[in-house]
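> requesting a structural model of the entry that follows:
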Amino acid sequence: MHSHSYDFYEIELCTPSLRTFAFIGKPHQKISGSSLSYVKHVDIDAEILSMDMDIPRFLLSWLLELVNTKSLTVTASTLQVLSLNSDLLKIKLPSL
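Numbering: from 1, shown residues only. Here you go, the predicted structure:
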């Protein structure tokens, strides 16, 4: 994890054998890595306790990074977080 400021971190994954990515919590991190195309199963349980608009932006960027996912499981709270992003309906996600 790399710190870019006081409250922003980047998760860089360098794991070509990673097939499943599971996350529970507040997505305050940018996700990146050259091996993200190998991730096939994603489970996200995101939460938001305040109106921090960075969280929906980060979460949407995760979905864009994980475009080759074969299965995506999200909770109702994750869908609520995503719905806070006004650009959500403008973006085409090829694997969804």
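
> the helices in this structure, which residues?
54-65, 76-83 (DSSP state H).

> how about residues contacting the shortest one?
In this structure, residues lying in contact with helix 76-83 by Cβ atoms under 8 Å, 6 or more residues apart in numbering are 27, 44, 45, 46, 47, 48, 55, 56, 59, 60, 74, 88. C-betas here are computed from N, CA, C, even on glycine.

> help me confirm that the second one comes into contact with residue 23.
This points to residue 44. Yes: with contacts counted by Cβ atoms under 8 Å, residue 44 reaches residue 23, the gap being 5.2 Å.

> now for the two: what residues contact both?
What both residue 44 and residue 23 touch, as defined by Cβ under 8 Å, 6+ apart, is the set residue 62.

> if we can go back for a sec, residue 18: which of the helices of the chain is closest?
helix 54-65 (12.7 Å; Cβ to Cβ).

> pull the CA atoms of that closest one into CSV?
Only the C-alpha atoms of helix 54-65 are listed here, as CSV (Å, rounded to 0.1, in the frame of the first residue of the first chain):
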residue,chain,number,x,y,z
ASP,A,54,-14.7,10.0,-2.7
ILE,A,55,-15.9,6.5,-1.7
PRO,A,56,-18.3,6.0,-4.6
ARG,A,57,-15.7,7.3,-6.9
PHE,A,58,-13.1,4.9,-5.6
LEU,A,59,-15.6,2.0,-5.8
LEU,A,60,-16.5,2.8,-9.4
SER,A,61,-12.8,2.9,-10.3
TRP,A,62,-12.4,-0.5,-8.8
LEU,A,63,-15.0,-1.9,-11.1
LEU,A,64,-13.3,-0.3,-14.1
GLU,A,65,-10.0,-1.9,-13.0
